[in-house]
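A.B. asks: Model the structure of this input:
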Amino acid sequence: MTDQPGIDDDGPSESASETINRMSEGACCAGAFPANRRVNDDVIDSELRVFKALSNEKRLRIIEALRDGELCACELETILDAPQSTVGSHLSQLREAGIVRTRKEGKWTYYRIADTASLQLLDLAAALGEY
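C.D. replies: Got it, this is the predicted structure:
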């Protein structure tokens, strides 16, 4: 990687302001801008909610603890060595993101992974982190 601004390993690159100026002059690439490439805001909001939920060490520890099956909130308090209010807040964010589900049994609430796709996402992130 080079230390020169505007030049990366692939050669000279264009700054964002240069790109905006070029596009405002109608001189982008050949052809019209592909409008179907714009991403729906709802899709971005949904993805952002999941990644925000996953971007916390305590929440990742909760998910890893739930990998082998459901646990009650008090067991997660012990695993995280954190008070009920902290664990409850993290579980709430994971539930709102659709990553965990709950089951009530008497006065206890049990948590489990809602969809194994979230575990696959974490496995992929771990694999990417190895490089």
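
A.B. asks: which residues in the protein form strands?
C.D. replies: Secondary structure of the chain (DSSP state E): strands at 7-8, 11-12, 71-72, 100-105, 108-113.

A.B. asks: Now do the same contact list for His90.
C.D. replies: Residues near His90 by C-beta atoms under 8 Å, 6 or more residues apart in numbering: Asn56, Lys58, Arg59, Ile62, Leu80. For glycine as for every other residue, the C-beta is placed from the backbone atoms N, C-alpha and C.

A.B. asks: if I pick the fourth one, what's in contact with it?
C.D. replies: With C-beta under 8 Å, 6+ apart as the criterion, the residues that contact Ile62 are Leu76, Ile79, Leu80, Val87, His90, Leu91, Leu94, Val100, Tyr111.

A.B. asks: how about a cut-off of 7 Å?
C.D. replies: Going by C-beta atoms under 7 Å, 6 or more residues apart in numbering, Ile62 touches Leu76, Leu80, His90, Leu91, Leu94.

A.B. asks: how close does Ile99 sit to Glu14?
C.D. replies: Ile99 sits 38 Å away from Glu14, going by C-beta to C-beta, to the nearest Å.

A.B. asks: out of those two, which sits in the more crowded spot?
C.D. replies: Shown here are Ile99 and Glu14; by other C-beta atoms under 10 Å, Ile99 has more neighbours (26 against 11).
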